[in-house]
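> Sharing a model prediction with you, sequence too.
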Amino acid sequence: MIHAHILKMKVHATTYQAATEQILAWANDHQSRTVCAANVHMVMEAYDDGALRKVVNQADLVTPDGMPLVWMLRWLGHPIEDRVYGPTLMLRVLEAAARRGILVGFYGGAPKVLDSLVKNLQSRFQGLDVVFSFSPPFRGPTLEEDLASIQDINHSGARILFVGLGCPKQELWMAAHRDRVKAVMLGVGAAFDFHAGKVRQAPRWLQNSGLEWLFRLLTEPGRLWRRYLKHNPRFAILGIMELARKKGNSI
């Protein structure tokens, strides 16, 4: 699978169709895999934290969730048409899973959000078989709680597990449960809140122009302002420097 490194973090030059088909193929084979949806926040968290960068770089699939990553991939010579946005990929995978009879589960989110999420998705996708859903405590689970969750997931028969713990918690959780959870694990972050109807998504034109972060900042300023102030300017500066360096090396 073709990939590039953006600020030392692996990102695959993939599409919705290719990513969905790969995830379904792994699920059909009962494989334990990890899938990350990478945006500027994840790239910069991984840039600052070598342990997280190692986790993401060892993931089986890292999709370009944010438009800035799509632009970087294009500038690096990978002519992909669009981003592979986590919340949309989640819907594509669920639609295919419902059609093919593949069992799915959900791990993360507050209890009310998770209830609304499952209800909304089962209403949207006829035949969707949700065999597992669990809202873990906000604190880290005890060893006994973690082992019980693993057992419940595996006994449920879920072949695809959507993980909504937020970055970097969900990426670290998936890596720690690789080969222990017998399912394809997709870290989809805010997708739980979006599809549960708790948080509004940015209009499509803002998403396509790379300004989704501005919409989210305006709707959740108290929670997100530090993240965007810390990461976005540094990503722009470091990304330009990296592109200039790679262009210079290619001459």
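Structure received. Just so it is clear, the structure is predicted and the values come from calculations on it, not from any experiment. Numbers count the residues shown, from 1 in each chain.
> for the stretch 151-251 of the chain, what spans make up the strands?
160-164, 184-187 (DSSP state E, counting those that start in this stretch).
> same deal with the stretch 1-150 of the chain?
Under DSSP E, counting those that start in this stretch, the stretch 1-150 of the chain gives strands at 3-6, 9-12, 33-38, 61-64, 104-108, 130-134.
> Residue ranges in the chain under the pLDDT threshold?
By pLDDT under 70, the low-scoring segments of the chain are 213, 225, 248-251.
> Which one of the strands of the stretch 151-251 of the chain lies nearest to residue 10?
strand 184-187 (14.4 Å; C-beta to C-beta). To be clear about C-beta, it is placed using only N, CA and C from the backbone, and glycine gets the same treatment.
> and the closest one, which strands flank it?
Strand 184-187 sits in its sheet next to strand 33-38 (parallel), strand 160-164 (parallel), going by DSSP bridges.
> With mean neighbour count as extra columns, can I get those strands in a markdown table?
Formatted as a markdown table, those follow (neighbours: other C-beta atoms under 10 Å):
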| stretch | mean neighbour count |
| --- | --- |
| strand 33-38 | 27 |
| strand 160-164 | 27 |
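> Would you reformat the ones you listed as CSV and include distance to residue 60?
CSV is the format used below for these (distance: least, C-beta to C-beta, whole Å):
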stretch, distance to residue 60
strand 33-38, 4
strand 160-164, 13
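> Tell me which of those strands sits nearest to residue 206.
strand 33-38 (17.9 Å).
> so which of the strands of the stretch 151-251 of the chain gets nearest residue 100?
strand 160-164 (10.6 Å).
> need the contact list for the nearest residue to residue 197 once chain neighbours are set aside.
Nearest non-adjacent residue to residue 197, counting by C-beta to C-beta, 6 or more residues apart in numbering: residue 116, 6.1 Å away. For residue 116, the contact set (C-beta atoms under 8 Å, 6 or more residues apart in numbering) comprises 196, 197, 198.
> how far away is residue 116 from residue 45?
28 Å (C-beta to C-beta, to the nearest Å).
> ok, now residue 88?
22 Å.
> Also residue 114?
Applying C-beta to C-beta, the value for residue 114 to residue 45 is 24 Å.
> burial count for residue 192?
27 (other C-beta atoms under 10 Å).
> Tell me which residues touch it, please.
Contacts of residue 192 (C-beta under 8 Å, 6+ apart): 106, 108, 109, 113, 114, 117, 162, 164.
> Mind doing that once more with 7 Å?
108, 109, 113, 117, 164 (C-beta atoms under 7 Å, 6 or more residues apart in numbering).
> The second one touches residue 164, doesn't it?
Yes: under the criterion of C-beta atoms under 7 Å, residue 109 makes contact with residue 164 at 4.9 Å.
> re the thing from before, which member of the contacts of residue 192 is positioned nearest residue 207?
residue 164 (19.1 Å).
> which residues does the closest one contact?
Applying C-beta under 7 Å, 6+ apart, the residues near residue 164 are 108, 109, 170, 188, 189, 191, 192.
> Make a markdown table out of the strands of the stretch 151-251 of the chain and add distance to residue 205.
Conversion of those to a markdown table gives the following (distance: least, C-beta to C-beta, whole Å):
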| stretch | distance to residue 205 |
| --- | --- |
| strand 160-164 | 26 |
| strand 184-187 | 26 |
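> Quick one: closest of the ones you listed to residue 77.
Of all these, strand 184-187 sits nearest to residue 77, with 27.0 Å by C-beta to C-beta.
> mind checking how far that closest one is from the chain centre?
Offset of strand 184-187 from its chain centre (C-alpha atoms, centre = their mean, to the nearest Å): 8 Å.
> same check, this time on stretch 138-158
On C-alpha atoms, centre = their mean, the centre of stretch 138-158 falls 20 Å from that of its chain.
> max-length helix in this structure?
helix 221-250 (DSSP state H).
> Buried residues in it, which are they?
Neighbour-count burial for helix 221-250 flags 227, 228, 231, 232, 234, 235, 239, 242 (criterion: 16 or more other C-beta atoms under 10 Å).
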